[in-house]
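> Any chance you could fold what I've pasted below:
(chains A, B, C, D, E and F)
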There are 4 protein chains.
Amino acid sequence: MRDQNNKSNVETTPHEPRWRRRKDDRPREIMDAALEMFLERGFAATRLEDIATKASVTKGTLFIYFENKEDLYKSLVRENMKELKAFQEENKFDIHISSQETLLFLTNNWWKSVANSDYGKLPKLIVSEAANFPDITKEYLEEVSRPGRAGIAEIVRRGVESGEFRKVDPALAARVIMAPLFMLLIWRYSVAPFDEDALNEIEYVNTHIKMAIQGLLARPSAA
Amino acid sequence: MRDQNNKSNVETTPHEPRWRRRKDDRPREIMDAALEMFLERGFAATRLEDIATKASVTKGTLFIYFENKEDLYKSLVRENMKELKAFQEENKFDIHISSQETLLFLTNNWWKSVANSDYGKLPKLIVSEAANFPDITKEYLEEVSRPGRAGIAEIVRRGVESGEFRKVDPALAARVIMAPLFMLLIWRYSVAPFDEDALNEIEYVNTHIKMAIQGLLARPSAA
Amino acid sequence: MRDQNNKSNVETTPHEPRWRRRKDDRPREIMDAALEMFLERGFAATRLEDIATKASVTKGTLFIYFENKEDLYKSLVRENMKELKAFQEENKFDIHISSQETLLFLTNNWWKSVANSDYGKLPKLIVSEAANFPDITKEYLEEVSRPGRAGIAEIVRRGVESGEFRKVDPALAARVIMAPLFMLLIWRYSVAPFDEDALNEIEYVNTHIKMAIQGLLARPSAA
Amino acid sequence: MRDQNNKSNVETTPHEPRWRRRKDDRPREIMDAALEMFLERGFAATRLEDIATKASVTKGTLFIYFENKEDLYKSLVRENMKELKAFQEENKFDIHISSQETLLFLTNNWWKSVANSDYGKLPKLIVSEAANFPDITKEYLEEVSRPGRAGIAEIVRRGVESGEFRKVDPALAARVIMAPLFMLLIWRYSVAPFDEDALNEIEYVNTHIKMAIQGLLARPSAA
DNA sequence: GATGAATGAGCTTTCATTCAT
DNA sequence: TATGAATGAAAGCTCATTCAT
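Okay, here's the model as predicted:
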């Protein structure tokens, strides 16, 4: 993989160094590699050597930046959670538009900023390792999942209150609205690569959000 | 990596069951215990000793009934898949009732016979181990998932054709309709035990199916 | 080391089993092997594989009987300490004989039962690993060393009191009396194998105890 | 196992010191730090990083002055041995005084110049690492231990010859006389820090040397 | 010279699997 | 059949050593 025969030609060619110092970038690179592997194989089935190889370092380097395998896992999940939380908080909706428009807007944002970033990988990871990392699971539920649901529930509640939506339980409706979106992420990062029936994700999301809005509207258009 | 050694048992009778029967049905007990553990921890993180303890036998006994850990895993998934398939096939809908009634009827059936049996544990397991057991993943997609989706899509197609439903892509709508149900199963067997916000599953399913039907109907009731 | 070619002649010779169950004897055998190695190399420099080989088992077997390397070390030291303590307690001196005879008697006993048993290996081990196992060190000091010193000091005290011995501090004299005996054990298990100048241990002990008694007697014989 | 690679520096000048000097004498500082750590933990259990930290340098610096960990160990032991030898050689006794006075004089000198300097740390180190560094062990025995014993034996021999001492084997008596002194050093640098029963070292040495002289004198005073 | 990030050999530990009992 | 002691391959982790900076 790397240049291994730079012994015999030392004094002739100014050969590439065997490695470089990249103190600032390594942790991120390692966490990125680890996220991919953990997402694909799960925590226990992933060997540190594979993560190291993927991050273009050796096993030992992992231990410079992380205490152990578990610490690496928790660090990368928490790092992604932190960023996702920040995103959620700044992504407040415009309360002047209708509830259905707000849902559309949020779904759109979600698609662009969550579904197609590393944050979108968290659900599959959290779900798969839930019982193995109870603390992480609780943190995710409390800090990411619950606030997210609460936000959607609030929109639904306003829609119901204003008469725009039918009478539904906002908390349940929020869960129902979010389910197909999370299912998409879980699907994508688990069975999708083995599915011969490729899924058009954008059409799926559009179909979902339209159905959901139609399902909520007090006087749905016959469109 | 896995899934490729179907060599050693060629010379035995092809109809010999995967595991030998015993009067007290040890294999089933072992598979039940294994299902619980694999579901909770994942394949790699589950120790055979734990499965054995849960099944009230010892490690060595597992190897009397199953070739190895992988064989145990595949056996239990396939056994459950086989039964689930049988259920799906006999559970054909009555084509004389309306499409929305059919959806209600199927959801009801699903709730009683899938969501609350061991079959309901498959999605979380399959999703978590997808990349580690590609063959199993493909089998599930081909033999369980795809036929299920096709069944729902067909109902939607008829609803659209008859004018009962709006014009939607039946395949996508089918995925959207099924997503919250699968999400429920995955949720239940992963993060739910750690969630302080207990989910009323029946209300969730009802909310979902009502919203979905409202979302599909050409002239939805304003209920 | 063991029979390795029992593959080709399986159906002909009733070959020796590859291993036997020796649940009851293994811990002692492992601890004996470990004591030898730890004594020679020290804790950190001893590889578990070497201990295993010496005990005629494999690495994995060590972990059936001991939690980890440290537990093995502590177990063997404590086991030997326990036996040594028992010996010390039952080996009470006859208070009717003179103090000098008591010292001779005890030294004789020590030579037979401590110096030439595994207990005699403890001092070098304790000394070498003192800072690495503070708890063990304290236990040894409290439970073995201190009572031993106290016993000797008591004899000296009686000798002084009765006028048999000169006026000396019994506690210090006890330490001085014991020092050459412990030094012998430490010497024997450390540098002695590399010394060209072989030490006649019995003569050494005799020379010591005679000098010590002469050194203590109020009116020493001119022998 | 160790001690056998004296190959690489053959072509350099034979008088080149083992370690290069620097104005602020880094090698000495490193060896001092290493001595403390090796003495406390042993060779294998001591991490170079800890030595470096103690010497206020970093790991890499150690390798500027010493080839490797083993070289550092050997260098510091040999350096101390060399100085100790020099001390022993110049510390010849005055043959005009009595043998018992000579013993007192030497013990006094030993207390001031050996027991309370770094040389006094050698015995515990040598004893602990004897089997791991056979060459060092032999050097110590030949160059330090044996000459020391021979010196004491010579004094005893003269005492016996002159009638001042009883008839004893000078070599054995020498060992017996030295044992409590070495035991003191070993005790001090191993278990003493964990002993609740603090030892008054000076009283111990005085008690010892008085007892030893009384034990040797042909007509001991009844003091 | 000095640093400390990076390496990789080697050790401890785990656990699926075997097999004596 | 059933057990669980014993095995040994493989994984996590440590740390002496190297070398880019």
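> what secondary structure does A:Pro193 sit in?
Counting by DSSP: H, G, I helix; E, B strand; the rest coil, the backbone at A:Pro193 sits in helix.
> What pLDDT does the model give it?
Looking at A:Pro193, its pLDDT is 97.
> domains for chain A, by residue range?
Here the domain parsing of chain A from automatic domain parsing is A:1-66, A:78-223.
> What is the neighbour count of the residue in chain A that DNA strand E sits nearest to?
Closest to DNA strand E within chain A is A:Gly60: 1.9 Å, counting by C-beta to the nearest atom of the strand. Every C-beta, even on glycine, is put in place using the N, C-alpha and C of the backbone. For A:Gly60, the count of nearby residues is 9 (other C-beta atoms under 10 Å in any protein chain shown).
> State whether it is indeed within a helix.
Yes - assessed with three-state DSSP, A:Gly60 lies in a helix.
> Just the residues contacting the host helix or strand of A:Thr207, thanks.
Assessed by DSSP states H and E, A:Thr207 sits inside helix A:201-216. Outside of helix A:201-216, the residues within contact range by C-beta atoms under 8 Å, 6 or more residues apart in numbering or on different chains are A:99-100, A:103-104, A:107, A:111, A:115, A:156, A:159, A:165-166, A:168, A:173, A:176-177, A:180-181, A:184, A:188, A:220-221, A:223, B:166, B:168-169, B:172-173, B:175-176, B:179, B:210-216, B:220.
> does DNA strand E sit close to the longest helix seen in chain A?
Counting residues, the longest helix found in chain A (DSSP state H) is helix A:69-90. No - Helix A:69-90 does not reach DNA strand E (C-beta under 7 Å from any atom of the strand); its nearest approach is 12.0 Å.
> And the next helix or strand past that helix?
That would be, after helix A:69-90 and using DSSP H and E, helix A:99-110.
> orientation of the helix or strand following that next one relative to helix B:122-129 in degrees?
Next along the chain after helix A:99-110, taking DSSP H and E as the criterion, comes helix A:122-129. Here helix A:122-129 runs at an angle of 100 degrees relative to helix B:122-129 (axes from the mean of the first three to the mean of the last three C-alpha atoms, to 10 degrees).
> which helices and strands does helix A:122-129 pack with?
Counting contacts by 3 or more C-beta pairs under 8 Å, 6 or more residues apart in numbering or on different chains; DSSP states H and E, helix A:122-129 is packed against helix A:26-41, helix A:69-90, helix A:134-140, helix A:170-188, helix B:122-129.
> circling back: mind checking how far the helix holding A:Thr207 is from the chain centre?
21 Å (C-alpha atoms, centre = their mean, to the nearest Å).
> so for it, what's the average pLDDT?
For helix A:201-216, the mean per-residue pLDDT is 97.
> what about the residue of chain A found nearest chain C, neighbour count?
Closest residue of chain A to chain C, C-beta to the nearest C-beta: A:Asn68 (16.2 Å). When neighbours are counted by other C-beta under 10 Å, A:Asn68 registers 11.
> again, but for the one 5 residues further on
Here the number of neighbours of A:Tyr73 (other C-beta under 10 Å) works out to 22.
> now the nearest residue to it once chain neighbours are set aside, what's its secondary structure?
In space, and not counting its chain neighbours, A:Tyr73 is closest to A:Phe43: 5.7 Å by C-beta to C-beta, 6 or more residues apart in numbering or on different chains. Here A:Phe43 is recorded as coil under three-state DSSP.
> so who does A:Gly163 touch?
A:Gly163 makes contact with A:Ala218 under the criterion C-beta under 8 Å, 6+ apart.
> And the closest residue to A:Ala171 other than its chain neighbours, how far from chain D?
Using C-beta to C-beta, 6+ apart and skipping the chain neighbours, the partner closest in space to A:Ala171 is A:Ala153 (4.9 Å). Relative to chain D, A:Ala153 is positioned 54 Å away (C-beta to the nearest C-beta, to the nearest Å).
> Surely A:Ala153 and A:Val168 touch.
No - look at A:Ala153 against A:Val168 with C-beta atoms under 8 Å: they stay out of range, at 10.2 Å.
> related to what we said a few turns ago, quickly note the distance from the residue nearest to A:Tyr73 to B:Arg41.
10 Å (C-beta to C-beta, to the nearest Å).
> and for these two, which residues touch both?
A:Asn132.
> Below-threshold pLDDT in chain A: ranges please.
Counting by pLDDT under 70, chain A has low-confidence residues at A:1-14, A:93-95, A:220-223.
> if you set the cut-off to 80 instead, what comes out?
Residue ranges of chain A with pLDDT under 80: A:1-15, A:91-96, A:219-223.
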